[in-house]
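Engineer: quick one, fold the following:
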Amino acid sequence: MTLASLRSGSEIMKVFGKNVSSLAIVCLLAAVQSALRLALAGVIFDSGFPATEKVVASDVQAYILAMFVALGVLGFLFTYLLYRRTSYGYYGTIVLSAVTIVFDVWAIYAIQPTPVLGIVLPVGFIVYLVLRRKDFPAVN
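Structural biologist: Down below sits the predicted model:
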């Protein structure tokens, strides 16, 4: 896939022998990220906060848990709306991705460096949506 094919909307990829649009792949990745955020929130709620490089106060733990739940639930909502090609899905995904990036950057400095992995997909979502803006009629 090239940058030109992303812009033109001509890309259809073969995945397991089936034609799949890039939007479907982006939505699948967004859903997986949302599910992982909720799963991690469930683990934290059930088992307590895992050991980290820095000691984390209980109020910060509650904030992190609330953010994981919010990012997970809103991620599923905006993924569905994005798949339906609505303006709420388009702008909501961009805003939620930006909030995720800010949250993960904060977590890198406040807790430990592993949240850097959580920045990769949101950056990709923003880049993809900016390049594919014309595919969302409600946005144009």
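Engineer: what's the burial count for the spatially closest residue to residue 138 that is not a sequence neighbour?
Structural biologist: For residue 138, ignoring the flanking residues on the chain, the nearest one in space by C-beta to C-beta, 6 or more residues apart in numbering is residue 87 at 3.9 Å. Quick note: C-beta positions are derived from backbone N, CA and C, even for glycine. Per other C-beta atoms under 10 Å, the neighbour tally for residue 87 reads 13.
Engineer: could you report the pLDDT at residue 87?
Structural biologist: The model reports residue 87 with a pLDDT of 93.
Engineer: ok, it - contacts?
Structural biologist: Residue 87 sits next to 136, 138-139 when contact means C-beta atoms under 8 Å, 6 or more residues apart in numbering.
Engineer: go on, residue 104?
Structural biologist: Counting by C-beta under 8 Å, 6+ apart, residue 104 touches 115-116, 118-119, 122.
Engineer: most neighbours, which of those residues?
Structural biologist: Within these, neighbour counts (other C-beta under 10 Å) peak at residue 122, which reaches 24 neighbours.
Engineer: continuing past whichever strand or helix holds residue 31, what's the next helix or strand?
Structural biologist: Per DSSP states H and E: residue 31 is located in helix 22-47. The helix or strand immediately downstream of helix 22-47 is helix 58-83, counting by DSSP H and E.
Engineer: and which of the contacts of residue 104 is nearest residue 38?
Structural biologist: Nearest to residue 38 out of the contacts of residue 104 is residue 118 (C-beta to C-beta; 13.5 Å).
Engineer: doesn't residue 102 make contact with the closest one?
Structural biologist: No: using C-beta atoms under 8 Å, residue 118 is not in contact with residue 102; the gap is 11.2 Å.
Engineer: tell me which element residue 130 falls in.
Structural biologist: Going by DSSP H and E, residue 130 is in helix 117-131.
Engineer: so which bits of that helix are buried?
Structural biologist: Residues of helix 117-131 classed as buried by neighbour count (16 or more other C-beta atoms under 10 Å): 118-119, 121-122, 125-126, 128-129.
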